[in-house]
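# Got a sequence here, can you build the structure:
(one chain, ligands or ions: 2)
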Amino acid sequence: MGLFSKKKDKKQQSVKENNKGSKKDTKGKANEDISEKIELNDENSNVFLKNKRSLKDLIAPESIDFTVDHRYAEIGDKNYMKNFYVGLLPNSVNFASFLHGLYNFGTVDTSIFIRPIDNETAKADLSKLRTNLEMEYLDNGGSTNRADDMASKVAEARRLREEVRDGLNKIYEVSIQGTLYEDDLRTLKNSTDQLKEMLSQQDIGLKSATYCQEEAFTSNKPLNDNKLGEWHTFDKRSLACVFPFTSNNINHPNGVPIGFNMDNGLPIFYDTFHRGLDNYNMVIFAKSGGGKSTFIKMLAARSSTLDNVQNIALDIEPEYRDIADTLGGVNIDVGSMSTTIINPFDIVVDIVKDKLTGKLVEKILLSDKINGVTSILMTMAKGQTENNLYYGDMTRMIIKQIVKKCYDDLAITEDPASLYRRADDQLVGDKIVGGLVKKEMPTISKWYQTLEKCPMRILIQHMSLTLITY
Ligand SMILES: Nc1ncnc2c1ncn2[C@@H]1O[C@H](COP(=O)(O)OP(=O)(O)O)[C@@H](O)[C@H]1O
Ligand SMILES: [Mg+2]
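Ligands and ions are numbered 1, 2, ... in the order given. Sure, this is the predicted structure:
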C-alpha cells in the first residue's frame with residue numbers, strides 16, 4: 001500500500017515538473033520529450049544502461065530476515081536488529097532530558113510520529129473523560145486515597161480542557177519507535193536489557209515489538225507509515241520535550257570544528273578554554289601515521305583563525321615551521337648556531353590562586369625563578385667540565401646567592417610592580433612623557449660581573465645568613 005502510494009506520488013511529481021518545463025519554454029519541453037524517448041529506448045535495448053546499478057543497490061544489505069526469530073531480525077549474515085516501541089510513559093516528563101537515553105544509546109534509529117488532534121475533538125473527548133472521571137469520583141466506594149486520586153485527575157482534565165479551549169494548549173497523538181543494531185546476538189540482548197533498564201529509571205517502558213518486527217522496522221523508516229499503531233496522548237508541553245535537545249556530543253559555543261562524532265554523525269565543536277572542561281590539557285593518542293600531527297596542525301590553524309587563539313609549538317624537528325609561516329606566525333630558532341638568545345633571567349608574571357581568598361592574583365614566583373636560573377647555570381657550568389665533585393652543593397649555593405643578589409640589586413620582589421621603575425619625565429617632541437618603564441633584566445654577563453665583584457667575605461656572610469636558621 002505504502003509503496004503503491006509512493007509510486008503515484010512520483011508520477012504526479014514528474015507530471016508537474018513537465019508542466020513547469022512547458023510553461024517556461026517550449027524548447028526545454030522538446031528536449032525533455034526526446035530524452036524521455038531515449039530513456040525508454042535505452043531501457044529496452046542498451047544493456048549497459050539497463051543493467052546499471054542504482055544507489056539503492058549499493059546501500060541495500062544482502063538480506064533482512066524477519067523469519068529467524070520473532071524477537072529480532074538478521075541483516076545479512078552477521079548483523080542483528082531489534083525493533084521496539086515505547087509502551088509506557090510517565091505522567092509528566094522532564095524538559096530536555098526526556099528520551100535523551102534513547103537518542104544517544106549506541107546505534108539506535110528512533111522515529112516519532114506526531115498526529116495533531118483538532119481542538120474540537122480534543123475538547124469533546126476531554127469533556128467526556130472529565131464526566132467519566134467525575135462519575136468514578138462520586139462512586140469511589142469510600143476510599144479516601146482513591147477519592148484524592150480521582151479528584152486530581154478530574155482537575156487535570158478540566159485544566160487541559162480549559163487550556164485547549166483558550167488556545168493555550170493542544171493535544172497530540174504520539175508514537176515512539178526504535179531499532180537497535182548490533183554485530184552479534186549476545187551484544188544485542190545485552191544492549192536491549194541495558195537500554196530498557198536505563199529508560200525504566202525514567203518510567204519509560206520500552207516494549208519489544210515481538211511478532212511484529214517487520215512492521216516495526218518499516219514503521220521506523222522515513223516513510224511516514226506507522227504500522228504499529230501504539231499511540232500516546234501528549235499535550236503541547238510534553239511534546240516539546242520530545243525534541244532532541246541534548247546529545248553526548250562535544251559542542252562548545254565558541255569551539256572550532258574538529259570533525260564528526262562517529263556515533264551520531266554530528267559535528268564536534270571544541271573549545272580548549274571552555275568552562276565545562278576541568279583544565280586546558282589535551283592528550284592525543286593514535287598509532288603512527290594515524291593523523292595526530294595533522295590534527296594538531298588543523299586545531300592550531302582553525303583556533304587561530306576562528307578564535308584568535310595564540311599557539312606556541314615547541315618543535316624539535318622543524319615540523320611546525322610551514323604552518324607557522326602559513327598562519328602568519330613567527331619561527332624562532334633556538335640552537336648553538338642561532339642568533340636568538342634566551343635570557344634565563346627574564347621574569348614572567350604568574351597568576352596564582354590566593355590560598356586565603358581563593359582569588360586569582362598576579363605574582364612573581366621569585367624563589368622558583370632563582371632556583372630555575374641556578375639549575376640552568378649549574379648545568380652550563382657542568383657542561384664545561386667533567387669534574388662533578390667541584391660542582392657540588394657549595395657551588396650551587398654560591399651561584400644561587402649571586403643570582404639572588406642580581407634580583408636584589410634591581411629591588412625585584414614577588415610584587416609584579418617591582419618589575420617596573422618610574423622613569424624621569426622627559427620631553428619627546430612637544431609632549432612630556434614619563435611613568436613606569438620595565439627594568440632591564442639581569443643577564444648571564446651581569447651575573448658573572450656580580451660574582452667577580454663579590455668578595456668572598458660577603459659570599460660567606462650571605463651563606464651563613466642562610467644557614468643561621470638551622
Ligand atoms: N583526516 C585525514 N584525512 C586524510 N589524510 C589524513 C588525515 N589525517 C592525516 N592524514 C594523512 O596521514 C598521514 C599521517 O598523518 P600524521 O599526522 O603525520 O600522523 P601521526 O602524526 O599520527 O604519525 C599524513 O600524510 C596526513 O596527510
Ligand atoms: Mg606526527
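# show me what contacts the closest residue to F260 other than its chain neighbours?
Among residues not flanking F260 along the chain, P267 sits closest, at 5.7 Å (CB to CB, 6 or more residues apart in numbering). In short, each C-beta sits where N, CA and C put it, glycine included. Contact analysis of P267 by CB atoms under 8 Å, 6 or more residues apart in numbering lists 257, 259-261.
# From those, which one has the minimum pLDDT?
Lowest-confidence member of these: N261, scoring 78 (pLDDT).
# so what's that one up against?
Counting by CB under 8 Å, 6+ apart, N261 has contacts 249-250, 267-268.
# Phi, psi for it please.
The phi and psi values for N261, taken as degrees, to the nearest 10, are phi -70, psi 120.
# If I look at the spatially most central residue of the chain, what pLDDT would I see?
Central residue of the chain (CA atoms, centre = their mean): I250, 0.7 Å from the mean position. For I250, the pLDDT comes out at 80.
# surely it meets T272?
No - taking contacts as CB atoms under 8 Å, I250 lies outside contact range of T272: 11.3 Å.
# Assign R186 to helix, strand or coil.
Applying DSSP: H, G, I helix; E, B strand; the rest coil to R186 yields a three-state assignment of helix.
# Over to K56. Which of the three states is it?
helix.
# From P257, how far off is the nearest residue to K196 once chain neighbours are set aside?
Nearest residue to K196 in three dimensions, chain neighbours excluded: L206, at 4.8 Å (CB to CB, 6+ apart). To P257, L206 is 34 Å away according to CB to CB, to the nearest Å.
# of these two, who's got more company?
Taking neighbours as other CB atoms under 10 Å, L206 and P257 compare with L206 leading, 21 against 12.
# mind listing what the more buried one touches?
Going by CB under 8 Å, 6+ apart, the list of residues near L206 reads 84-87, 102, 178, 195-196, 199-200.
# ok, so what distance separates it from G106?
Taken as CB to CB, the span from L206 to G106 is 14 Å.
# contacts for stretch 230-249?
Contacts of stretch 230-249 (CB under 8 Å, 6+ apart): 85-87, 89, 92-100, 103-104, 112-115, 160, 163, 169-177, 207, 261, 263-264, 266, 268.
# which of the contacts of P267 lies closest to ligand 1?
Taking CB to the nearest ligand atom as the measure, ligand 1 sits nearest to G259 out of the contacts of P267, at 7.8 Å.
# Please report phi then psi for the nearest residue to that closest one once chain neighbours are set aside.
Among residues not flanking G259 along the chain, I268 sits closest, at 5.6 Å (CB to CB, 6+ apart). Note on I268: its backbone torsions stand at phi -110, psi 130 [degrees, to the nearest 10].
# what does T107 give?
Taking degrees, to the nearest 10 as the convention, T107 sits at phi -90, psi 90.
# Tell me which residues touch Y420, please.
Applying CB under 8 Å, 6+ apart, the residues contacting Y420 are 436-439.
# Wasn't the residue nearest to K196 part of a strand?
Yes - counting by three-state DSSP, L206 is located in a strand.
# what bridges to it?
In this structure, L206 bridges to V86 when assessed by DSSP bridges.
# and the one helix or strand D125 maps to, which residues are buried?
Using DSSP states H and E, D125 falls within helix 119-138. Under the neighbour-count criterion of 16 or more other CB atoms under 10 Å, helix 119-138 has 122-123, 125-126, 129-130, 133-134, 136-137 buried.
# One more: stretch 288-305?
For stretch 288-305, by 16+ other CB under 10 Å, it's 296-300, 302-304.
# repeat for stretch 77-97
Here stretch 77-97 shows 79-86, 89, 93 as buried, counting by 16+ other CB under 10 Å.
# restrict those to contacts with ligand 1.
When contact is defined as CB under 6 Å from any ligand atom, these do not meet ligand 1 at all.
# for the stretch 51-200 of the chain, which spans come out with low pLDDT?
96, 140-142 (pLDDT under 70).
# switch the cut-off to 90
Applying pLDDT under 90 to the stretch 51-200 of the chain flags the ranges 51-62, 77-78, 91-107, 133-153.
# Quick check: residues of it near ligand 1?
Counting by CB under 6 Å from any ligand atom, the stretch 51-200 of the chain has no residue next to ligand 1.
# Run through the strands of the stretch 51-200 of the chain in chain order.
64-65, 73-75, 79-88, 108-117, 171-182 (DSSP state E, counting those that start in this stretch).
# Given the last one, what are its sheet partners and their directions?
This points to strand 171-182. strand 79-88 (antiparallel), strand 108-117 (antiparallel), strand 232-235 (antiparallel).
# Tell me which of the ones you listed lies nearest to I370.
strand 108-117 (60.1 Å; CB to CB).
# any idea of the angle that closest one forms with helix 119-138?
90 degrees (axes from the mean of the first three to the mean of the last three CA atoms, to 10 degrees).
# got the contact list for strand 108-117?
99, 102-103, 125, 170-181, 195, 219-222, 224, 226, 231, 239, 242.
# Go through that strand and flag the buried ones.
Those buried within strand 108-117 under the rule 16+ other CB under 10 Å are 108, 110-111, 113, 117.
# quick one: which of the residues you listed is nearest to ligand 1?
For the buried residues of strand 108-117, the nearest to ligand 1 is V108 (26.9 Å; CB to the nearest ligand atom).
# Okay, and the closest residue to V437 other than its chain neighbours sits in which element?
Leaving aside its sequence neighbours, V437 sits nearest to A423 (CB to CB, 6+ apart; 4.2 Å). Here A423 is covered by strand 420-428, with elements defined by DSSP H and E.
# and the next element down the chain from that strand?
Criterion used, DSSP H and E; the element after strand 420-428 is strand 431-438.
# could you give the angle of that following strand to strand 420-428?
Going by the same axes, to 10 degrees, strand 431-438 makes 160 degrees with strand 420-428.
# In its sheet, which strands sit next to strand 431-438, and in what direction?
For strand 431-438, pairing defined by DSSP bridges yields strand 420-428 (antiparallel).
# what about dumping the CA coordinates of the strand it pairs with to PDB?
Extracted C-alpha coordinates of strand 420-428, given in PDB (Å, rounded to 0.1, in the frame of the first residue of the first chain):
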ATOM      1  CA  TYR A 420      58.900  48.500  36.700                       C
ATOM      2  CA  ARG A 421      60.700  51.700  37.700                       C
ATOM      3  CA  ARG A 422      59.500  55.200  37.500                       C
ATOM      4  CA  ALA A 423      61.200  57.000  34.600                       C
ATOM      5  CA  ASP A 424      62.200  60.600  34.700                       C
ATOM      6  CA  ASP A 425      59.800  62.900  32.900                       C
ATOM      7  CA  GLN A 426      61.300  64.000  29.600                       C
ATOM      8  CA  LEU A 427      60.300  66.000  26.600                       C
ATOM      9  CA  VAL A 428      59.600  64.000  23.400                       C
END
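# so how far is that strand from its chain's centroid?
51 Å (CA atoms, centre = their mean, to the nearest Å).
# State the mean pLDDT of that strand.
Across strand 420-428, the per-residue pLDDT values average to 80.
# nearest to ligand 1, of the contacts of Y420?
Once CB to the nearest ligand atom is applied, the member of the contacts of Y420 that ends up nearest ligand 1 is K438, at 39.9 Å.
# Bridging across strands, which residues link to that closest one?
Y420.
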